[in-house]
Structure formats: C-alpha cells, structure tokens
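S.K.: Output the structure for:
(one chain, ligands or ions: 1)
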Amino acid sequence: MHVAVTGAAGRVGVWVVAELRAAGHAVLALDRRDSPDVDGGVRQVDLADPEATRLALRGADAVVHLAAVPGPVDPPWSTFDPNVTTTYHVLEAARAEGIGRVAMASSIWAYGYNPPAEDRLPPRLPLAEDMIVPTTNCYGLSKRLLEALGREYAAAQGLQVVCMRYPWVGPPGRLRARGSFGDDGGIWGRAEAWSYVDARDVASACRLAVERDGLGFLVCNIGAADTKSTLPSAELVAAHRPDAALLRELRGHEALYSIERARQHLGYEPRHTWRDE
Ligand SMILES: NC(=O)c1ccc[n+]([C@@H]2O[C@H](COP(=O)([O-])OP(=O)(O)OC[C@H]3O[C@@H](n4cnc5c(N)ncnc54)[C@H](O)[C@@H]3O)[C@@H](O)[C@H]2O)c1
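M.R.: So this is what the prediction gives:
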C-alpha cells in the first residue's frame with residue numbers, strides 16, 4: 001500500500017515510518033519539518049493549509065495522522081486550533097482523494113482524567129474505551145474532537161477510521177531512562193494509571209490499523225501490556241484507590257487501560273516492556 005504518515009518527523013512518527021517500510025509499504029513521510037531520522041527525508045507540508053494537505057495526500061491508499069501539538073501546553077488553548085483544524089483537513093483530503101483508511105493518534109487524555117483537576121485513579125478499572133468523564137482540558141478536548149470528526153467521516157463517507165488512544169509513548173531501549181517508573185509517580189502516576197507504551201508497539205498498531213479491512217469506526221486504547229509499577233496491579237489499586245470498582249480480576253502487572261478491544265479488532269499485541277531493559 002501507499003501510506004502517508006503525518007507528523008513523520010516526530011517522536012512517534014519516525015517509528016511508524018520505519019515499521020511500515022519494513023512491512024513493505026511505500027511510505028510518504030509528511031511533516032512541516034525535516035528529520036535526519038527518516039530515511040529518504042520528509043516532504044514538508046503544513047497541514048494547516050487545506051489545499052496543500054489534499055495535494056500531499058493524493059495517491060495514498062491510507063493515511064496515519066500523527067501530526068499535532070502532542071500534549072497539554074501553556075497557554076492551554078494553543079493545542080485547540082492546530083489539532084482540530086489539521087485533523088479536519090486530513091479527513092477532508094481523504095474524502096476528496098478517495099483514501100479509504102485513516103488511522104489517527106488520540107490520547108488517554110481524551111478520557112478526561114486530567115491532572116491537576118483529577119489526580120486520583122479512576123473509580124472503575126480497568127479503563128475501557130466508553131468510560132470517559134467530562135473534561136475542559138483543551139488537549140483532551142482536541143483529541144475528543146478528533147475522534148468525533150473521525151466518527152462523522154466514517155459514517156457519512158464510509159471511510160475506515162481508527163482512533164488510537166495512547167498513553168505516554170516512550171523511546172525504545174530508553175523507557176526506564178526517560179519515564180518515571182515506580183510505584184507512586186505522584187499525581188501523574190495515579191491520573192494516568194501508570195500507563196505507558198513503547199513507540200515500536202504504537203508503530204505496530206498504526207500498521208495494523210491501515211492493513212486491516214472492515215474496521216469501520218474504531219476507538220481503542222493502545223498501550224503496553226503492563227503498568228509502570230513494580231507492584232502487582234491489584235495491590236496498586238488497593239493502595240491508591242481502595243474504593244475502586246474492579247470490573248474483573250487483575251492479573252499480575254496488567255495495564256489498567258484495557259487493550260482488549262485493540263487485541264480483538266486489530267490483532268494488536270504489545271511486545272515491549274520496561275521490565276526487559
Ligand atoms: N508522545 C506521547 O507520549 C503521546 C501520547 C499520547 C498521544 N500522542 C499523540 O501522538 C501523536 C504524535 O506525537 P509525538 O510525540 O510524535 O509528537 P511530536 O511533537 O514529536 O511530533 C509531532 C509532529 O507533528 C508535526 N506537526 C505538527 N503540526 C503540524 C502541521 N500543521 N503540519 C505538519 N506537521 C505538523 C511536528 O512538526 C512534529 O514533527 C500526536 O498526535 C500526539 O498527540 C503522543
């Protein structure tokens with residue numbers, strides 16, 4: 001397939017480009033900046049420009065849309081327009097150019113458990129995709145709107161749209177060095193339920209989301225199989241949110257954001273854990 005990747009020069013994008021190429025796909029790497037980490041270079045395009053976006057995506061069979069302001073920033077509103085507008089332009093270009101499959105980066109911030117407003121473990125665990133709570137966090141809202149736009153384009157135009165909610169995406173081989181792994185992690189550990197994922201596992205999810213057929217509109221968590229904590233997950237919950245309702249028995253260090261939907265629909269299986277580093 002010809003697969004366009006937006007945000008190809010970013011921390012996640014370089015791994016997605018490499019994964020798709022290793023699987024034999026012809027990849028068009030798009031970003032508004034170049035990167036020495038993308039073989040063959042990056043075609044520079046600003047996705048804020050609708051016509052440039054449409055022309056850049058012409059000829060692609062699928063698009064992986066990663067370009068964004070990738071987290072909450074100051075001032076908060078500065079994530080809104082860049083993230084929502086570029087997503088609209090990508091979906092509209094997919095419609096206009098007859099690109100049938102779109103995979104997009106959402107975030108666990110779409111759930112609404114956003115510190116500092118919410119700094120506890122969620123009340124029901126493990127978290128499944130429909131367990132969102134109201135939020136006014138601008139970055140989280142920008143990802144909810146990405147998902148809402150995707151739903152509309154899937155329903156109205158028959159596009160396959162897969163929105164993947166990632167937790168913190170860590171650099172392969174340097175997870176321990178770059179992330180805060182351990183049992184507490186302060187409000188971030190609790191609010192994000194000790195979640196993380198290796199960039200190579202995100203890349204495999206992106207590949208599966210464009211290779212698989214018949215997915216329609218899908219929102220799914222993409223994460224590591226385990227938590228950042230050394231405590232077994234049941235003990236972690238007992239220590240930090242003893243009143244939480246457990247929706248099923250927690251096994252070992254299993255992740256508190258459920259990846260069952262991604263396993264079932266994408267065939268996703270994370271292969272990397274910080275415990276092996
Ligand atoms: N890194 C994480 O921990 C994490 C966690 C959850 C979700 N995500 C999501 O994953 C995606 C990728 O994140 P990342 O960490 O690689 O971010 P990044 O900042 O490293 O890369 C994003 C890339 O998008 C490009 N970009 C932004 N606006 C653009 C525009 N208008 N036109 C063209 N290019 C543009 C940037 O130049 C950058 O290279 C984002 O959508 C982010 O919200 C990331």
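S.K.: ok, now which ones touch Leu146?
M.R.: Asn83, Val84, Thr87, Met104, Ser106, Cys163 (Cβ atoms under 8 Å, 6 or more residues apart in numbering). Yep, even glycine has a C-beta here, placed from its N, CA and C like the rest.
S.K.: How about Arg43?
M.R.: Applying Cβ under 8 Å, 6+ apart, the residues near Arg43 are Leu28, Ala29, Leu30, Asp31, Ala56.
S.K.: For it, list each beta-bridge partner.
M.R.: When bridges are called by DSSP bridges, Arg43 pairs up with Leu30.
S.K.: Now do it, the pLDDT please.
M.R.: You'll see Arg43 listed with a pLDDT of 98.
S.K.: where along the stretch 151-277 of the chain do the strands fall?
M.R.: Listed in chain order, the strands of the stretch 151-277 of the chain (DSSP state E, counting those that start in this stretch) span residues 160-166, 169-170, 197-198, 217-221, 245-246.
S.K.: Save those strands as TSV, and put in mean pLDDT too.
M.R.: Shown next, in TSV, are these (pLDDT from 0 to 100):
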stretch	mean pLDDT
strand 160-166	98
strand 169-170	96
strand 197-198	98
strand 217-221	98
strand 245-246	96
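S.K.: Make a markdown table from those and add mean neighbour count to it.
M.R.: Output for these, formatted as a markdown table (neighbours: other Cβ atoms under 10 Å):
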| stretch | mean neighbour count |
| --- | --- |
| strand 160-166 | 26 |
| strand 169-170 | 25 |
| strand 197-198 | 26 |
| strand 217-221 | 22 |
| strand 245-246 | 12 |
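S.K.: Can you get me a residue count around Ala8?
M.R.: When neighbours are counted by other Cβ atoms under 10 Å, Ala8 registers 27.
S.K.: Show me which helix or strand of the chain is least confident by mean pLDDT.
M.R.: helix 186-191 (a mean of 79; mean pLDDT, DSSP states H and E).
S.K.: which other residues reach that one?
M.R.: Defining contact as Cβ under 8 Å, 6+ apart, one finds that helix 186-191 is touched by 113-116, 118-121, 180, 182-183, 228-229, 240-241.
S.K.: and the longest helix that the chain contains, anywhere near the ligand?
M.R.: Longest helix of the chain, by residue count under DSSP state H: helix 138-157. No: applying Cβ under 6 Å from any ligand atom, one finds helix 138-157 separated from the ligand by no less than 6.9 Å.
S.K.: Averaged pLDDT, that helix. What do you get?
M.R.: 97.
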